[in-house]
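K.L.:
Return atomic coordinates for the entry below.
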Amino acid sequence: MLKQIFIKFALLTVLLIFLGVVYQKWFFEGDLQKHSEIINLIRNVPDSAAVIYLGESSNITYRANDIDKRSISAFLGDYFPSLLVTDVTKPAAHAGVYKVLLDQFSDFESGKIVVVTMNLRSFNAQWIYSNLETALQKSMVLLQPYPPFFNRFLLSFKAYDIKTDAERTNQFKAQWVKDEFHLPFKFSYRNVADWDNAYALKGFRDSSGAINSKLTELGCHFIKAYGFQIDTASNPRIRDFNHIVDWAQKHNQILVFNLMPENVQLASKLVGDTLVYMIKENMQLLVDYYKRKGVVVVNNGMVVPSDQFVDQDYPTEHYAQAGRRIVARNVADAIKKWRPSEYEDFQPVDLYQTHFYNDCDHKMVWGQMQTITDEFAHSGIFSSQTGNGNDYSITLEYPLNLIPDSLVNTISVDFWMMQRNTNHDAKLVIQAEGDDFSGFWQGIPVLPYMSANDRWFPFHFEMTIPDSIRNASMLKVYLYNPSKSKVFIDDLKIEINK
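P.N.:
Okay, the predicted model is just below:
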């Protein structure tokens, strides 16, 4: 009987090994692309990259009137022009995601500089138990350090953290009550739940003493976002960052944590000194804790002024151009000790532009960059696809009021375009807007310029700029195609002339 059991066990083992080989060879890649497309962020990192920047939306978010809409990581590259600085950016990511992504870098040569975004809000209960977690955790299953066939088994049986939005909400609300404050001074509230409820009832009052409901709501958001004290023994983000430290030491990589700026000025105005104290306390704790582990933490927590935060109605780490540059420069100053000969003291100069060009290939950042596709291209690899869910092409957004009036007379637009069929009414749109401006919108149909499908055709349009536009603060140029039929554009050239 023991012999029969052993034979059956051996046959089962051989069968599982065989199925594992078959799955890995013929099916694993398809599942990766379906369930863990995030793997492509890793695969796109060149072996020659000297600096790898891991970030979330803070890296790539910009303000519409930014002259330079590039990411923090791109600004960082300005200080090391001879080095390849690349990024791995996943919106809503946190250290729990970064650690899984970094585990995929095991074959990289040693000595690379890895900059990891450290977002203070990601340590709070509301982010730890976010309703985005189920989707994020699902995307990580196939990337776990187990045999692919076993990971697929885990995915099939949903062996990851799955909870409904209501369950997530109950989790962070329970944590708000459980985590009591321990402050070196007397404070009226035991926990964030008490503090939030009291603030909501009291309200934020303006100079006349009236309650401002909008600012009261915003103050409550700040309390829930920053009203906590990090416990290094129990906070899961600490465990995640510790895993990253272990990874860097194991693979002999240079690790830097980039502690992101928070809108401390607005927090102080709305809520007061106690919240600011907690923010500073948590930041210093992170700096000291990881310094003891030999990691450089660039404390950018309070270096960006309030007016550089893109979002003024909710606490986020999204910065306008000057804010992103401050962060990038501080990171560059911190890491230049490892690559001093390649460091250059870059001094940005923001001059107005009148000529713009985007070939969709060289990372020139305009609006609607999510429409970039490699499905077709006139030159290079990429173009911008409109239609079938993408109503707007890549979009030039430029603060028109920066250009002297004497230079604003005509605008010319040139690009190449291709249609799949004629079931569309795509238009080139020239739009102007501003706070003290009634608005301007002109749409020029592009269909008459196309005589066939699946071929590239040139488009040219020129117009005299109406005097009324001179009062606008923002100029936008884009292709608008709300139909289901796809139209691709490439090699856009826009000129504003005398």
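K.L.:
CA only for contacts and neighbour counts going forward, please
P.N.:
Noted.
K.L.:
element containing residue 80?
P.N.:
Secondary structure assignment for residue 80, by DSSP states H and E: no helix or strand.
K.L.:
Excluding chain neighbours, give the residue nearest to it in space.
P.N.:
Closest residue to residue 80 apart from its sequence neighbours, by Cα to Cα, 6 or more residues apart in numbering: residue 343 at 5.0 Å.
K.L.:
Contact partners for that neighbour?
P.N.:
By Cα atoms under 8 Å, 6 or more residues apart in numbering, the contact list for residue 343 reads 79-81, 336.
K.L.:
among these, which two are most distant?
P.N.:
The most widely separated members of the contacts of residue 343, counting by Cα to Cα, are 81 and 336 (12.4 Å).
K.L.:
Mutual contacts of those two, please.
P.N.:
In contact with both residue 81 and residue 336: 342-343, using Cα under 8 Å, 6+ apart.
K.L.:
Spatially central residue in the chain, please.
P.N.:
In the chain, the residue lying closest to the centroid (Cα atoms, centre = their mean) is residue 57, at 1.8 Å.
K.L.:
how about the residue nearest to that one when sequence neighbours are not counted, what does it touch?
P.N.:
Once flanking residues are discounted, residue 57 sits nearest to residue 91: 4.5 Å by Cα to Cα, 6+ apart. Contact analysis of residue 91 by Cα under 8 Å, 6+ apart lists 55-57.
K.L.:
Distance of residue 91 relative to residue 281?
P.N.:
Going from residue 91 to residue 281 by Cα to Cα, to the nearest Å gives 26 Å.
K.L.:
same thing with residue 354?
P.N.:
With Cα to Cα as the criterion, residue 354 and residue 281 are 47 Å apart.
K.L.:
Next: residue 298.
P.N.:
Residue 298 is 15 Å from residue 281, where distance means Cα to Cα.
K.L.:
Those two: who's more crowded?
P.N.:
Higher neighbour count among residue 298 and residue 281: residue 298, with 22 against 14, using other Cα atoms under 10 Å.
K.L.:
ok, back up a step: which one of the contacts of residue 343 sits closest to residue 451?
P.N.:
residue 81 (44.6 Å).
K.L.:
List the contacts of residue 221.
P.N.:
Residue 221 neighbours (Cα under 8 Å, 6+ apart): 314-315.
K.L.:
What strand or helix carries it?
P.N.:
helix 213-226.
K.L.:
where does the residue nearest to residue 57 land on pLDDT?
P.N.:
As predicted, residue 91 sits at a pLDDT of 92.
K.L.:
where's residue 10 relative to residue 148, distance?
P.N.:
21 Å.
K.L.:
quick one: which of these two has more around it?
P.N.:
residue 148 (21 against 12).
K.L.:
What residues does that one make contact with?
P.N.:
So residue 148 contacts 20, 23-24, 28, 142 (Cα under 8 Å, 6+ apart).
K.L.:
now do residue 217
P.N.:
If a contact means Cα under 8 Å, 6+ apart, then residue 217 has residue 200 as its contacts.
K.L.:
From residue 306, how far out is it?
P.N.:
18 Å.
K.L.:
And residue 15, by the same measure?
P.N.:
Distance, residue 15 to residue 306, using Cα to Cα: 62 Å.
K.L.:
and these two? which has more neighbours close in?
P.N.:
Neighbours were counted for residue 15 and for residue 306 using other Cα under 10 Å; residue 306 has more, 19 against 12.
K.L.:
Would you confirm that the more buried one contacts residue 267?
P.N.:
No - contact criterion Cα atoms under 8 Å: residue 306 and residue 267 do not qualify, at 9.5 Å.
K.L.:
Now do residue 349 against residue 403, distance only.
P.N.:
To residue 403, residue 349 is 15 Å away according to Cα to Cα.
K.L.:
which of those two has more neighbours?
P.N.:
When neighbours are counted by other Cα under 10 Å, residue 349 and residue 403 differ, and residue 403 comes out ahead with 16 against 6.
K.L.:
for the more buried one, what are its contacts?
P.N.:
Per Cα under 8 Å, 6+ apart, neighbours of residue 403: 352-354.
K.L.:
that older thread, and the contacts of residue 343, which of them are buried?
P.N.:
Neighbour counting with 16 or more other Cα atoms under 10 Å marks 79-80 as buried within the contacts of residue 343.
K.L.:
any chance of the contacts of residue 343 in CSV, plus distance to residue 271?
P.N.:
Shown next, in CSV, are these (distance: Cα to Cα, whole Å):
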residue, distance to residue 271
79, 37
80, 40
81, 43
336, 38
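K.L.:
out of the contacts of residue 343, which one sits closest to residue 317?
P.N.:
Nearest to residue 317 out of the contacts of residue 343 is residue 79 (Cα to Cα; 22.4 Å).
K.L.:
Can you give me the neighbour number for residue 401?
P.N.:
Counted with other Cα under 10 Å, the neighbours of residue 401 add up to 17.
K.L.:
what's near enough to touch it?
P.N.:
470-474.
K.L.:
next one: residue 320
P.N.:
Listed by Cα under 8 Å, 6+ apart, the contact set of residue 320 reads 61-63, 66, 308-310.
K.L.:
Buried only: go through those residues for me.
P.N.:
Buried, going by 16+ other Cα under 10 Å: 61-63, 308-310, out of the contacts of residue 320.
K.L.:
Secondary structure element for residue 397, which one?
P.N.:
Using DSSP H and E, residue 397 sits in strand 396-398.
K.L.:
Same question for residue 69.
P.N.:
Going by DSSP H and E, residue 69 is not part of any helix or strand.
K.L.:
Could you check the pLDDT of it?
P.N.:
93.
K.L.:
tell me the contacts of it?
P.N.:
Residues in contact with residue 69 (Cα under 8 Å, 6+ apart) are 62-63, 321, 365-366.
K.L.:
out of these, what pair is the most spread apart?
P.N.:
Farthest-apart pair in the contacts of residue 69 is 321 and 366; separation 13.3 Å (Cα to Cα).
K.L.:
For the two, indicate the residue with more neighbours.
P.N.:
A count of neighbours by other Cα under 10 Å puts residue 321 above the other of residue 321 and residue 366, at 24 against 20.
K.L.:
what separates that one from residue 176, distance-wise?
P.N.:
35 Å.
K.L.:
What score does residue 155 have for pLDDT?
P.N.:
Looking at residue 155, its pLDDT stands at 86.
K.L.:
Give me the three-state assignment for it.
P.N.:
Under DSSP: H, G, I helix; E, B strand; the rest coil, residue 155 falls in the helix class.
K.L.:
Skipping its backbone neighbours, what lies nearest it in space?
P.N.:
Sequence neighbours aside, residue 141 is the residue nearest to residue 155 in space, at 6.3 Å (criterion: Cα to Cα, 6+ apart).
K.L.:
try residue 173
P.N.:
residue 193 (7.5 Å).
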